[in-house]
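J.: Quick one: sequence plus predicted model below, questions after.
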Amino acid sequence: MALPTLLNFFAKGTAIGLSIAAPVGPIGVLCIRRTLAQGRGAGLACGLGAATADAIYGAIAGFGLTAISSFLVSQSSWLNLGGGMFLCYLGAMTILRAPVSQAPASGVDDLGSAFASTLALTLTNPMTILSFVAVFAGFGLARSPSYASAATLVAGVFIGSAGWWLLLTATVARLRRRVSDAWMRTINRLSGGIIVAFGLYALWAWLGR
């Protein structure tokens, strides 16, 4: 496949990854709070977990793996239950967590935990796969014409999503020095309440099925 065509697929993938990642949701709130509490590394690890999940769902949509996407959609009720409970737990822990005067250096285990938990949380959100299917259809990419174009598209999705999280965490980290303990306590309670609200909404959706 010609290079200009691949670059076109990469540009479309980047735009899709950015458009999926940018809207503020539970992952965005969690990423901001982790950046404030644990530093830029933890926030970026959190964002990369979300970007990896976006790339996985981008691959499912881009390679036309309809059997997998259909299965995930059919299991959306249980995904809502698991994701909702996880969000409620994270929100409660955030509300109860004491603020720190300075973001501590995150170890490898902390970064791995931030990455894995956000990856799992994003993958259990059935709206993610539905969003990708809808966006890909809107771009006329319901099924990419070749494996090379699909792989290039998925790479673009990851880069677009990861780029957003890098920008977000870098911006929040610069503001961290100006945030007092009192503000951190307020931020913990506010962000924790928002995360719990997202979790309760997911559980409400599960009960409504």
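T.: That came through fine.
J.: any weak-confidence spans in this structure?
T.: Applying pLDDT under 70 to the chain flags residues 1, 24, 64-76, 79, 97-109, 126-127, 130, 133-145, 179-184, 209.
J.: And the residue nearest the centre of it?
T.: For the chain, the residue nearest the mean C-alpha position is Ala50 (3.1 Å; C-alpha atoms, centre = their mean).
J.: by contact count, what packs against the longest helix anywhere in the chain?
T.: For the chain, the longest helix by residue count, based on DSSP state H, is helix 147-175. Secondary-structure packing of helix 147-175 (3 or more C-beta pairs under 8 Å, 6 or more residues apart in numbering; DSSP states H and E): helix 3-21, helix 26-38, helix 40-62. Placement of C-beta: from N, CA and C, glycine included.
J.: got those as CSV, with distance to Thr186 columns?
T.: Below are the helices and strands packed on helix 147-175 laid out as CSV (distance: least, C-beta to C-beta, whole Å):
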stretch, distance to Thr186
helix 3-21, 26
helix 26-38, 11
helix 40-62, 19
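J.: Which one of these lies nearest to Leu200?
T.: Each of the helices and strands packed on helix 147-175 was scored for nearness to Leu200 using C-beta to C-beta, and the closest is helix 26-38 (11.2 Å).
J.: how close does Val157 sit to Ala11?
T.: 11 Å (C-beta to C-beta, to the nearest Å).
J.: Pick out whichever of these two has more residues nearby.
T.: Val157 (33 against 14; other C-beta atoms under 10 Å).
J.: Might you report the residue contacts of that one?
T.: Val157 makes contact with 13-14, 16-17, 20, 54-55, 58, 62, according to C-beta atoms under 8 Å, 6 or more residues apart in numbering.
J.: Contact partners for the residue nearest to the centre of the chain?
T.: 21, 27, 31, 118-119, 122, 161, 165.
J.: biggest separation within these, which pair?
T.: Applying C-beta to C-beta across these, the maximum distance is between Ala21 and Leu119, 13.6 Å.
J.: the more surrounded of these two?
T.: It is Ala21, of Ala21 and Leu119, that has more neighbours when counted by other C-beta under 10 Å, with 24 against 19.
J.: so the more buried one makes contact with Leu166?
T.: No. At 10.5 Å, Ala21 and Leu166 do not qualify as touching, with contact defined as C-beta atoms under 8 Å.
J.: Give the intersection of the neighbour lists for the two.
T.: Gly47.
J.: okay, now the closest residue to Ile95 other than its chain neighbours: neighbour count?
T.: If the residues on either side of it in the chain are set aside, Ile95 comes closest to Gly192, at 3.5 Å by C-beta to C-beta, 6 or more residues apart in numbering. Counted with other C-beta under 10 Å, residues neighbouring Gly192 total 21.
J.: so Gly192 is in which element?
T.: helix 181-207 (DSSP states H and E).
J.: what helices or strands is that helix leaning on?
T.: helix 26-38, helix 76-96.
J.: can I get the ones you listed in a markdown table with mean neighbour count and distance to Cys46?
T.: Listed next are the helices and strands packed on helix 181-207 as a markdown table, based on neighbours: other C-beta atoms under 10 Å; distance: least, C-beta to C-beta, whole Å:
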| stretch | mean neighbour count | distance to Cys46 |
| --- | --- | --- |
| helix 26-38 | 24 | 5 |
| helix 76-96 | 18 | 11 |
